[in-house]
Every structure is written in structure tokens, then in C-alpha cells.
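K.L.:
Any chance you can model this:
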Amino acid sequence: MSWQRSRTSSASYMTSLSSFTQPSVAALRSRMRFLSASAKM
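P.N.:
Numbers count the residues shown, from 1 in each chain. Here you go, the predicted model:
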């Protein structure tokens, strides 16, 4: 579970970085992260 958490944090970091260059990709990644988070619940 710890590796998943670290992976999520790194994904959010990459999303914030890509948001500067490609907003559409950042929005898509954030949506996927939200779906995966809801699936965990």
C-alpha cells in the first residue's frame, strides 16, 4: 500500500508540472486519479 501512496504523490506532482504545458492532459490525469481514488473507497 505504501508504494501506491508514493506513486499517487508522484502522479500529482507530474500532473502539476504538466498543467503548465498541457492543461488538457493534466485535467485528464486528475480525472483518472479521482476515479482510482473513488474505486479504492
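K.L.:
residue contacts, Thr8?
P.N.:
Shown here is Thr8, whose contacts under the criterion C-beta atoms under 8 Å, 6 or more residues apart in numbering are Arg33. The way it works is simple: take the backbone N, C-alpha and C, and place the C-beta from them, glycine included.
K.L.:
likewise Ser30?
P.N.:
By C-beta under 8 Å, 6+ apart, the residues touching Ser30 are Thr15.
K.L.:
got it, and Leu28?
P.N.:
Counting by C-beta under 8 Å, 6+ apart, there are no residues that Leu28 touches.
K.L.:
what about it, helix or strand, and which?
P.N.:
Secondary structure from DSSP states H and E places Leu28 in helix 23-40.
K.L.:
can you check Met14 too?
P.N.:
Taking DSSP H and E as the criterion, the element that holds Met14 is helix 2-21.
K.L.:
Quick one: mean pLDDT for the helix holding Leu28?
P.N.:
Confidence over helix 23-40, taken as the mean pLDDT, stands at 79.
K.L.:
mind exporting that helix as PDB, just the C-alpha atoms?
P.N.:
Taking only C-alpha atoms (Å, rounded to 0.1, in the frame of the first residue of the first chain), the coordinates of helix 23-40 have been written out as PDB:
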ATOM      1  CA  PRO A  23      -3.800  21.600 -19.300                       C
ATOM      2  CA  SER A  24      -5.900  19.100 -21.100                       C
ATOM      3  CA  VAL A  25      -3.600  16.200 -20.100                       C
ATOM      4  CA  ALA A  26      -3.500  17.500 -16.500                       C
ATOM      5  CA  ALA A  27      -7.300  17.500 -16.300                       C
ATOM      6  CA  LEU A  28      -7.400  14.000 -17.800                       C
ATOM      7  CA  ARG A  29      -4.900  12.700 -15.200                       C
ATOM      8  CA  SER A  30      -6.700  14.400 -12.300                       C
ATOM      9  CA  ARG A  31      -9.900  12.800 -13.500                       C
ATOM     10  CA  MET A  32      -8.200   9.400 -13.700                       C
ATOM     11  CA  ARG A  33      -6.800   9.900 -10.200                       C
ATOM     12  CA  PHE A  34     -10.200  10.800  -8.900                       C
ATOM     13  CA  LEU A  35     -11.700   7.700 -10.400                       C
ATOM     14  CA  SER A  36      -9.000   5.500  -9.000                       C
ATOM     15  CA  ALA A  37      -9.400   7.100  -5.600                       C
ATOM     16  CA  SER A  38     -13.200   6.500  -5.600                       C
ATOM     17  CA  ALA A  39     -12.500   2.900  -6.700                       C
ATOM     18  CA  LYS A  40     -10.300   2.400  -3.700                       C
END
